[in-house]
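In: Kindly return the folded structure for what I paste below:
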Amino acid sequence: MSTTLSFLIRDGVSSDIPACLSLDHTYDTEYVWQMRLHEDIDLRQIVFQAERLPRTLEATYPADEHRLRLALPTEECFLVVESRDQHEILGYLTLRSDPVYYQARLQDLVVSRPYRRNRIGTRLLAVARQWARQHELTRITAEVQTPNYPAIQFCQHTGLTFCGFNDHYFPNRDIAIFFTEALR
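Out: Below you'll find the model as predicted:
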């Protein structure tokens, strides 16, 4: 007999932030996206390739209280997933809007480790897409660190496509890779 996880997605509030930060942000990966840069006088080639690691790497997604607080105003999007029965926070998503270019930047999408593989992330992304459309944004772009192969796979499996990178983008100087989707 399988049990179905019953949850709801709602707007996050400042009192949710401590619970979000206390979630299990770790993930395991056997792959990373390796970037190779080849430069010549008139040619620059950048290649991203999935590289298998010699052993499984356990990493921790960099949760950030400041980033969560920046997503609190009504022109930004902070969603939390809460279990219906125990009112426990299971995950969260932050989306920053850029009204100049009509784009939404997906910065955080976290589901606590024990609740992964229940389609919570997919549902969060669907609600975020709806939020972006309601705010007349035409594109959603996710930023992902190259070692976070599970997030890369999630982006690809949910319809986002690779669209670029930024070297030294994150505070720890990791490379950001971007996945995007037109919303119209």
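In: what packs against the helix ranked longest in the chain?
Out: Criterion DSSP state H: the longest helix present in the chain is helix 120-134. Applying 3 or more Cβ pairs under 8 Å, 6 or more residues apart in numbering; DSSP states H and E, one finds that helix 120-134 contacts strand 7-11, strand 77-83, strand 89-98, strand 103-111, strand 139-145. (C-beta placed from N, C-alpha, C; glycine too.)
In: which of the residues in that helix are buried?
Out: Ile120, Gly121, Arg123, Leu124, Leu125, Val127, Ala128, Arg129, Trp131, Ala132 (16 or more other Cβ atoms under 10 Å).
In: quick one: low-confidence ranges for this structure?
Out: Flagging of the chain using pLDDT under 70 yields the residue ranges 1-3.
In: relative to its centroid, which residue of it is most remote?
Out: Largest separation from the mean C-alpha position in the chain: Ile41, at 36.4 Å (Cα atoms, centre = their mean).
In: any idea how far Ala104 is from that one?
Out: For Ile41, the distance to Ala104 (Cβ to Cβ, to the nearest Å) stands at 39 Å.
In: coming back round to it: how about the helices and strands packed on helix 120-134 in TSV, adding mean neighbour count and distance to His168?
Out: Shown next, in TSV, are those (neighbours: other Cβ atoms under 10 Å; distance: least, Cβ to Cβ, whole Å):
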stretch	mean neighbour count	distance to His168
strand 7-11	15	33
strand 77-83	22	26
strand 89-98	22	20
strand 103-111	23	17
strand 139-145	21	12
